[in-house]
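In: Mind folding the following:
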Amino acid sequence: MTTINSLTEKEKLRYRRQLILPEIGEEGQKILKKSKVLVIGAGGIGSPLLLYLAAAGIGHIKVYDNDNVELTNLNRQVLHGYTNINQNKAESAKQTLSELNPNISIDISRDRLVRENALHIVSEFDIVVNAVDNLETRYMLNDICVEHGTPLIEGSIFHFEGQIMLIEPGKGPCYRCLYPESPVDVKKQEFGVIGMTPGLVGVLQATETIKYLLKIGEPLTNKLIYFDLLSTTIRKIDIKKNPDCPICSHK
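Out: Prediction:
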C-alpha cells in the first residue's frame, strides 16, 4: 500500500530520469509528491507551467481560470486544442493534465480569484504561481501572499520580452517594491504575442517552483530574470526591498 510519503514502483519508473539527478533523487521526488501548488491562469504562460509541474510529479495542483478557450488562443495556449474551444480553460487544463499524469491531484475553479476568496485559499498552498496578465490580480496576489507569508512567483510578457521574479515574504522585495502602484486607467488591450514568449516564462516559473520546493540551486530572491527573444538576451537583475513599501516593509 502506497502513501504520500513513499513512491510506488510505477512512480519510480515514471520519474527515473529525475531520480538520477542528485539534486532530486527519491527524497526530492517525495517532496514534490507532497507539495501543493496554486496556479492562477491556464493560458499562454499557465499552459507550459502546468504541463511541466504535472509531468514532474507535483502531487496537488489547483488551477484558477474563469475564461473560456477561444480560437485566437491556440497559437500559444498549448494545453488546449480545437475540441476545447468555448470550454472553460481550467476544465480543459484538468483534462489534459490528468491524461499526462493520472497519479496527481488536479483541482480547478471556474471562478475568478478575488480578494474575498483568496484570503483563505492562499495559505493552504506551499507556493503560488501567477500566470495571468491582469494587473489587478497581480497586485492582489502580491498583497495577500505577503500578508500570509506564502511565496509567490510572478511572470509577465510583452511582445518578445518576458520577466519573472520570486516574492519570498520576509526575505526580499515584493511586487510593489518595484511597481508601487498600478496605472489608474489600465484597460485590457490586445497586443501581439508569439507562443515562445509566454512559453519561456512558464518554463522558468515551473523551474523556480521546483527549485523552491526542493531548496536546490540559487533562488530568485532579490533577483529578477528578464529576457528578450529578438536579441536572444537573458539577464538576471538585482532588485532591492523598498524600506517604505506599505505592503512588505514591516515583514
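In: for Ile85, what are its contacts?
Out: By C-beta atoms under 8 Å, 6 or more residues apart in numbering, the contact list for Ile85 reads 69-71. Glycine gets a C-beta too; all of them are placed from N, C-alpha and C.
In: Can you tell me which of those residues are buried?
Out: Val69 (16 or more other C-beta atoms under 10 Å).
In: Which one of the contacts of Ile85 is nearest to Gly28?
Out: Val69 (34.1 Å; C-beta to C-beta).
In: any idea how far that closest one lies from Leu53?
Out: 20 Å (C-beta to C-beta, to the nearest Å).
In: ditto for Leu166
Out: 15 Å.
In: And Ile164, by the same measure?
Out: In terms of C-beta to C-beta, Ile164 sits 15 Å off from Leu53.
In: tell me the contacts of Leu53?
Out: Counted by C-beta under 8 Å, 6+ apart, Leu53 has contacts 37, 39, 61, 206, 209-210.
In: quick one: what helix or strand has it in it?
Out: helix 46-56 (DSSP states H and E).
In: Ok, Glu116 next?
Out: Applying DSSP H and E, one finds Glu116 within helix 115-121.
In: returning to what we had before: and the average pLDDT for the helix or strand just after the helix holding Leu53 is what?
Out: Going down the chain from helix 46-56, the next helix or strand is strand 60-64, by DSSP H and E. Strand 60-64 comes out with an average pLDDT of 97.
In: Isn't Arg235 up against Tyr226?
Out: Yes. With contact defined as C-beta atoms under 8 Å, Arg235 and Tyr226 form a contacting pair (5.0 Å).
In: Give me the more crowded residue out of those two.
Out: Comparing Arg235 with Tyr226 by neighbour count (other C-beta atoms under 10 Å), the higher total belongs to Tyr226, at 14 against 10.
In: any idea how far that one lies from Asp65?
Out: Distance of Tyr226 to Asp65, computed by C-beta to C-beta: 26 Å.
In: Just say helix, strand or coil for Glu154.
Out: Classification of Glu154 by DSSP: H, G, I helix; E, B strand; the rest coil places it in strand.
In: That one and Leu19: what is the separation?
Out: 30 Å.
In: So between the two, which is more surrounded?
Out: Glu154 (24 against 18).
In: which residues of this protein fall in helices?
Out: Taking DSSP state H as the test, the helices found in the chain are 9-14, 16-19, 25-34, 46-56, 89-100, 115-121, 135-148, 175-178, 196-214.
In: Check the model's average confidence along the fifth one for me.
Out: In this case it means helix 89-100. Across helix 89-100, pLDDT averages out at 96.
In: List the buried residues of the lowest-mean-pLDDT helix or strand in the chain.
Out: Among the helical and strand segments of the chain, the one scoring lowest on mean pLDDT, DSSP states H and E is helix 115-121, with a mean of 84. Buried positions in helix 115-121, judged by neighbour count with 16+ other C-beta under 10 Å: 118, 121.
In: Check which helices and strands it sits against.
Out: helix 135-148 (3 or more C-beta pairs under 8 Å, 6 or more residues apart in numbering; DSSP states H and E).
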